[in-house]
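Engineer: need coordinates for the following:
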Amino acid sequence: MSTSPTIGFIGAGNMASAIIGGMLDSGFRAASIWASAPDDEHLQTIRRKFGVSVTTDNRYCAQQADVVILAVKPQIMADVCRDIAPVVQNTRPLMVSIAAGLTSTTLDEWLGGGLPLVRVMPNTPSLVGKGAAGLYANNAVSDEQKETVESIFNSIGKALWLDDEEQLHAVTALSGSGPAYFFLMLEALEAAATEAGIEAATARELAIQTMAGAAEMAARSEHDPAQLKRNVMSPGGTTEQAILTFEDGGMRALVEKAYKAARARSQEMAQELAEANR
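Structural biologist: Next up, the predicted model:
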């Protein structure tokens with residue numbers, strides 16, 4: 001992008017820093033980015049690293065922005081939104097929340113109502129530019145604003161739109177929590193290989209590279225995961241024996257059960273957060 005709207009980050013933690021870095025790499029101008037947080041020392045580190053403008057005043061940050069990205073913890077979001085509400089009701093920016101669980105209706109109420117608002121469910125691989133984000137926009141968001149949000153989150157991975165806000169709970173259980181599922185598999189594979197005599201560091205490196213390679217193959221292939229799996233298997237071979245063991249052990253059912261548990265907890269947390277701040 002040769003030009004960009006002014007983006008203001010309320011909250012300047014790890015995820016905000018990752019987004020800022022990705023934006024700069026993809027062509028957003030540092031001069032068009034603001035960040036606010038209570039810790040001025042931390043803000044100065046961000047200023048030196050990225051060349052963006054910083055302030056400890058959330059209202060001032062919001063006042064500068066065409067797009068305000070709410071990057072604070074869900075537990076303090078109500079206070080932050082109510083604090084900046086007088087400003088954003090006057091300037092009418094696009095509001096973007098990356099907080100899990102808080103609905104667009106709840107956020108809009110805290111912000112005074114009637115604002116264009118996008119909810120984003122990013123994940124931790126965004127910190128290394130390999131994120132997966134689900135996006136949902138309320139009816140006040142324009143197509144141009146959607147393009148802006150999409151470009152921001154594509155700068156740290158892949159961003160995909162959802163038609164139904166309720167689906168963000170499903171995204172949370174898939175890509176939001178998903179990295180931990182794969183870390184569990186890495187942990188288990190490393191332990192099994194180490195038990196078989198491979199040095200732990202070697203086992204970990206082989207497991208990580210294998211997972212990264214499999215993911216890249218899936219991303220590039222025209223085949224679905226089931227066919228890719230079959231391509232690795234030979235009748236009576238080692239892979240077939242491992243896959244049969246997974247299947248006999250109920251791996252599919254366990255994954256489904258774990259996924260549903262994560263989705264249900266996301267729904268519960270949304271209700272708890274809304275009720276706690278009424």
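Engineer: CA atoms for contacts and neighbours, from now on please.
Structural biologist: Will do.
Engineer: who's Thr55 bridged to?
Structural biologist: Thr55 forms beta bridges with Ser36, as assigned by DSSP bridges.
Engineer: burial measure for it, as a count.
Structural biologist: By the measure other CA atoms under 10 Å, the count of residues near Thr55 is 19.
Engineer: my guess is Val68 contacts Met95, does it?
Structural biologist: Yes: because the distance of 5.0 Å satisfies CA atoms under 8 Å, Val68 is recorded as touching Met95.
Engineer: and for those two, which residues touch both?
Structural biologist: With CA atoms under 8 Å, 6 or more residues apart in numbering applied, the contact sets of Val68 and Met95 do not overlap.
Engineer: buried set for stretch 140-159?
Structural biologist: Using 16 or more other CA atoms under 10 Å as the burial criterion, the residues of stretch 140-159 that qualify are 141, 145-146, 148-159.
Engineer: what's the longest strand in this protein?
Structural biologist: strand 131-137 (DSSP state E).
Engineer: I'd like the next helix or strand past it.
Structural biologist: Sequence order places helix 143-154 as the next helix or strand after strand 131-137, per DSSP states H and E.
Engineer: tell me the strands beside the helix or strand just after that following helix, with direction?
Structural biologist: Toward the C-terminus, helix 143-154 is succeeded by strand 157-161 as the next helix or strand (DSSP H and E). Using DSSP bridges, the neighbouring strands of strand 157-161 in the sheet come out as strand 131-137 (parallel).
Engineer: work out for me the element Lys260 sits within.
Structural biologist: Counting by DSSP H and E, Lys260 is found in helix 251-276.
Engineer: can you give me the offset of that helix from its chain's centre?
Structural biologist: Taking the mean C-alpha point of helix 251-276 and that of its whole chain, the gap between them comes to 17 Å (CA atoms, centre = their mean, to the nearest Å).
Engineer: got it, and stretch 138-145?
Structural biologist: Here the centre of mass of C-alpha atoms in stretch 138-145, compared against the chain's by CA atoms, centre = their mean, lies 20 Å away.
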